[in-house]
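Predicted model and sequence below, questions to follow.
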Amino acid sequence: MAVTVYAPASMGNVSVGFDLLGAALAPVDGSLLGDRVSVAAADQGLSLRCCGAYADVLPPDPASNIVLRCAERFIERLGLEGVGLKLTLEKNLPIGSGLGSSASSVVAALAALNAYFDSPLDDQALLHLMGELEGEISGSVHYDNVAPSFLGGLQLMLPERAQPVPSFDNWYWVVAYPGITLSTAKMRALLPKQVEMATAIRFGQQLAAFIDACHRQDEETALAMLQDVLAEPHRAAHIPGYQAARGHLSDLGCAAVGISGSGPTLFAVARNRAQAEAAAEYLGQHYIMNERGLVRVCQLPQQGIQIWQEDVINAAL
Ligand SMILES: Nc1ncnc2c1ncn2[C@@H]1O[C@H](COP(=O)(O)OP(=O)(O)O)[C@@H](O)[C@H]1O
Ligand SMILES: N[C@@H](CCOP(=O)(O)O)C(=O)O
């Protein structure tokens with residue numbers, strides 16, 4: 001018996017909800033934008049094999065790979081010591097990109113392990129564990145990548161659980177990763193430890209107004225609220241080309257532009273496909289810095305993880 005799980009890329013913060021709001025991403029061309037992890041039986045011990053377009057930028061020592069750490073933690077949590085497992089990671093997302101790369105690996109690994117052992121953890125316990133493991137990488141626990149990657153759509157983190165938020169079906173989210181790495185931990189270290197009262201009030205007001213507008217399907221208000229008063233002012237200057245691209249995308253008619261997660265990926269919201277394609281073309285020509293970069297026109301998938309009860313990665317090789 002073997003299990004494979006796909007976990008989509010995700011966009012943390014969505015400008016208006018630092019650490020609290022995140023969205024799963026699905027390219028409209030049907031291509032994969034997320035990692036896959038397979039779990040299969042082995043005679044003894046744990047092993048990890050990596051493949052995929054971005055496998056070469058993973059830590060060379062498998063012991064440093066978050067997927068193996070997920071397996072160790074899962075085994076310890078469930079008292080499964082001594083079990084033999086062969087894990088395979090298909091690394092399809094660039095690292096340090098702002099596309100929730102480590103979260104995608106964490107979600108795929110823990111969901112695959114849970115499915116392989118017949119679901120001993122419920123979704124709530126699993127999500128909690130995912131947040132803890134993701135926190136070990138970025139330096140502090142935040143759920144705005146793991147929750148949407150696991151559950152799909154737009155997810156708001158309430159104190160004890162993730163709450164799905166209705167989005168706008170006509171919006172296209174164009175994401176562009178320039179091809180350089182920015183560590184989430186370092187981008188978090190740029191942020192101040194405390195914020196002014198006026199900033200805190202504006203943050204709360206914008207997030208509340210955005211969530212309300214989503215529920216009322218009031219596009220104009222929702223778009224007007226897509227601003228980041230907490231992180232972007234401290235991060236924008238550290239992302240090469242971000243401010244220039246932001247201005248050009250607004251000139252092209254994009255309704256909102258922001259940093260995806262901690263960057264350097266940028267996102268732009270377009271209200272129709274033609275505008276999205278024009279933004280993608282601009283970004284491909286002016287924001288991408290090397291062959292590792294990527295641009296995708298996405299929508300927000302209702303589904304997060306996808307599970308196969310077979311080892312689809314090794315079967316395809
Ligand atoms: N499976 C994995 N996927 C992504 N990063 C991993 C993985 N395993 C270990 N890492 C390490 O975790 C860190 C990920 O950095 P981070 O800036 O959080 O990336 P991202 O924002 O893309 O999640 C890097 O140091 C990377 O080497
Ligand atoms: N809320 C976090 C999101 C980090 O996302 P990543 O994809 O850059 O890891 C933050 O803004 O630090």
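Good, I have the coordinates. Ligands and ions are numbered 1, 2, ... in the order given.

How about the contacts made by Ala26?
For Ala26, the contact set (CB atoms under 8 Å, 6 or more residues apart in numbering) comprises 8, 33, 298-301. Where C-beta positions appear, they are placed from N, C-alpha and C, glycine not excepted.

Kindly export stretch 141-153 (C-alpha atoms) in PDB.
The C-alpha coordinates for stretch 141-153 follow below in PDB (Å, rounded to 0.1, in the frame of the first residue of the first chain):
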ATOM      1  CA  VAL A 141       4.000  29.600  14.000                       C
ATOM      2  CA  HIS A 142       1.700  31.000  11.300                       C
ATOM      3  CA  TYR A 143      -1.100  29.100   9.500                       C
ATOM      4  CA  ASP A 144      -1.700  31.400   6.500                       C
ATOM      5  CA  ASN A 145       0.100  29.000   4.200                       C
ATOM      6  CA  VAL A 146      -0.700  25.500   5.700                       C
ATOM      7  CA  ALA A 147      -4.400  26.200   6.200                       C
ATOM      8  CA  PRO A 148      -5.200  27.100   2.500                       C
ATOM      9  CA  SER A 149      -2.800  24.500   1.100                       C
ATOM     10  CA  PHE A 150      -4.600  21.800   3.200                       C
ATOM     11  CA  LEU A 151      -8.200  23.000   3.000                       C
ATOM     12  CA  GLY A 152      -8.300  25.100  -0.300                       C
ATOM     13  CA  GLY A 153      -9.800  28.500  -1.100                       C
END
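
Give me the contact status of that stretch with ligand 1.
No. Judged by CB under 6 Å from any ligand atom, stretch 141-153 and ligand 1 are separated, with a smallest distance of 7.1 Å.

ok, and does that stretch reach over to ligand 2?
Yes. For a cut-off given as CB under 6 Å from any ligand atom, stretch 141-153 has contacts with ligand 2, namely 142, 144-145.

Going by distance to ligand 1, which of these wins?
Asn145 (7.1 Å; CB to the nearest ligand atom).

In terms of pLDDT, where does the closest one sit?
At Asn145 the predicted local confidence, pLDDT, stands at 97.

How about the one 4 residues further on?
Reported pLDDT at Ser149 in the predicted model: 98.

circling back to that earlier point, most neighbours out of the residues of stretch 141-153 next to ligand 2, which is it?
The most crowded member of those, judged by other CB atoms under 10 Å, is Asn145 (34 neighbours).

hmm, back to that, which of the contacts of Ala26 come close to ligand 2?
Answer for these near ligand 2: none qualify (CB under 6 Å from any ligand atom).

mind checking the SS state of Ile180?
Following DSSP: H, G, I helix; E, B strand; the rest coil, Ile180 is assigned to coil.

And it, how far from Tyr6?
Note on Ile180: its distance to Tyr6, by CB to CB, to the nearest Å, is 26 Å.

So those two - more neighbours on which side?
More neighbours surround Tyr6 than the other of Ile180 and Tyr6, with 26 against 16 (other CB under 10 Å).

Checking my notes, the more buried one in a strand, right?
Yes. Assessed by three-state DSSP, Tyr6 belongs to a strand.

From ligand 1, how far out is the closest residue to ligand 2 within the stretch 1-150 of the chain?
For the stretch 1-150 of the chain and ligand 2, the shortest gap (CB to the nearest ligand atom) falls at Gly12, measuring 2.9 Å. Taking CB to the nearest ligand atom, to the nearest Å as the measure, Gly12 falls 8 Å from ligand 1.

next one: Val175
13 Å.
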